[in-house]
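> any chance you could fold what I've pasted below:
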Amino acid sequence: MNTPIVDGPEAVPVLRGLIAGSRRIAIFTGAGISTESGIPDFRSPGGIWTKNQPIVFQDFLASEEMRREAWRRKMAIDETFSSAKPNRGHRAVAELVRSGRAGSVITQNIDGLHQASGAPADRVIELHGNGTYAVCLDCHRLHELAPIFEDFKRSGIPPVCTVCEGIVKTATISFGQSMPEEPMRRARDETLACDLFLTLGSSLSVFPAASFPAIAKENGATLIIINREPTPLDAAADLVLHTGIGDALGEAVGVE
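The predicted structure follows:
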């Protein structure tokens, strides 16, 4: 395919055919798949990061007040969006992974909705971490959020590890924090192994994660982009749909 098909009545049948004819699919998801579950894109106009500057990792480490503010924000976010459920797009992705058509799903999202939709946890590659639990930055012990929130509401004191008293942080990658080596390695391996790279709901503007679709294309894979807004890679893609992910992918995969 030389000229990308953009939307139109033929787009979903072409998508279905490309998926059916692929040997191995790599799936890459961004905020757009979760906005269909009611979780906003933090970077979009009116998003959380346009109202509050992100807290840089070094400031989180250095300042108890910054840690306190980070936990205040985390509690507010979770109280608003904790009821979000996987949508049709998540279910279609899970079906592709469970069936073996896709090796894994590479995600920029931190909401855990891929796992909640039925995608095996060991096949969800989280580039930016996971916001559904916390971790000690010293001993790496995992911590549940519910008791942290309960203690923080009562005391206003940022949590410390119950084992080593190290600083506890949500298990996400903050600005200024190094990208996790193992997920990045796994994502690159999946990218290079695929013959079809399916990009869902990413603006492809946040690097280094956004480099994977280009790597796949350069390696000879067919590139599909489903995103409501144009992306920098639309012209290089084999198929582009500026539409909802749930409807398009759900129909193509046969998932309600």
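> go ahead and flag the most central residue of this protein.
The centroid of the chain falls nearest to residue 109 when counting by C-alpha atoms, centre = their mean (2.2 Å).
> and residue 70, what helix or strand is that in?
helix 64-81 (DSSP states H and E).
> could I get the buried residue list for the helix or strand that that helix is followed by?
Next helix or strand after helix 64-81 toward the C-terminus (DSSP H and E): helix 88-98. Residues of helix 88-98 classed as buried: 88-97 (neighbour count, 16 or more other C-beta atoms under 10 Å). All C-beta spots, glycine's among them, are computed from the backbone N, C-alpha and C.
> any idea whether the nearest residue in space to residue 74 that is not next to it in sequence is helix, strand or coil?
Closest residue in space to residue 74, ignoring its immediate chain neighbours: residue 170 at 5.8 Å, by C-beta to C-beta, 6 or more residues apart in numbering. Here residue 170 is recorded as strand under DSSP: H, G, I helix; E, B strand; the rest coil.
> if we can go back for a sec, assign the residue nearest to the centre of the chain to helix, strand or coil.
At residue 109 the chain is in coil, as set by three-state DSSP.
> wait, it sits on residue 30?
Yes - Residue 109 is within contact range of residue 30, at 7.0 Å (criterion: C-beta atoms under 8 Å).
> which elements pack onto the helix holding residue 70?
Packed against helix 64-81 by the contact rule (3 or more C-beta pairs under 8 Å, 6 or more residues apart in numbering; DSSP states H and E) you find helix 57-62, helix 145-155, strand 168-172.
> please repeat the previous calculation with a cut-off of 7 Å.
helix 57-62, helix 145-155 (3 or more C-beta pairs under 7 Å, 6 or more residues apart in numbering; DSSP states H and E).
> please identify the deepest-packed of these.
Highest mean neighbour count among the helices and strands packed on helix 64-81 (mean count of other C-beta atoms under 10 Å): helix 57-62, with a mean of 16.
> ok so, going back, just the residues contacting the helix holding residue 70, thanks.
38-39, 52, 55, 59-60, 149, 152, 156, 158, 170 (C-beta atoms under 7 Å, 6 or more residues apart in numbering).
> now do the buried residues in it.
66-67, 69-71, 74, 77-78.
> what segments of the stretch 101-250 of the chain are helices?
113-116, 145-155, 181-193, 211-218, 245-253 (DSSP state H, counting those that start in this stretch).
> ok now the second one, how far from the chain's centre?
By that I understand helix 145-155. Centre-to-centre, helix 145-155 and its host chain are 26 Å apart (C-alpha atoms, centre = their mean, to the nearest Å).
> please work out the average pLDDT along the strand ranked longest in the chain.
The longest strand of the chain (DSSP state E) is strand 129-136. Averaged across strand 129-136, the pLDDT comes to 97.
> what's it packed up against?
strand 142-143, helix 145-155, strand 168-172.
> adding distance to residue 221 and mean pLDDT, write these out as CSV.
Shown next, in CSV, are these (distance: least, C-beta to C-beta, whole Å; pLDDT from 0 to 100):
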stretch, distance to residue 221, mean pLDDT
strand 142-143, 35, 98
helix 145-155, 37, 97
strand 168-172, 29, 97
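> any figure for the gap between the residue lying closest to residue 194 once chain neighbours are set aside and residue 105?
Nearest residue to residue 194 in three dimensions, chain neighbours excluded: residue 26, at 3.7 Å (C-beta to C-beta, 6+ apart). Separation of residue 26 from residue 105 (C-beta to C-beta, to the nearest Å) stands at 8 Å.
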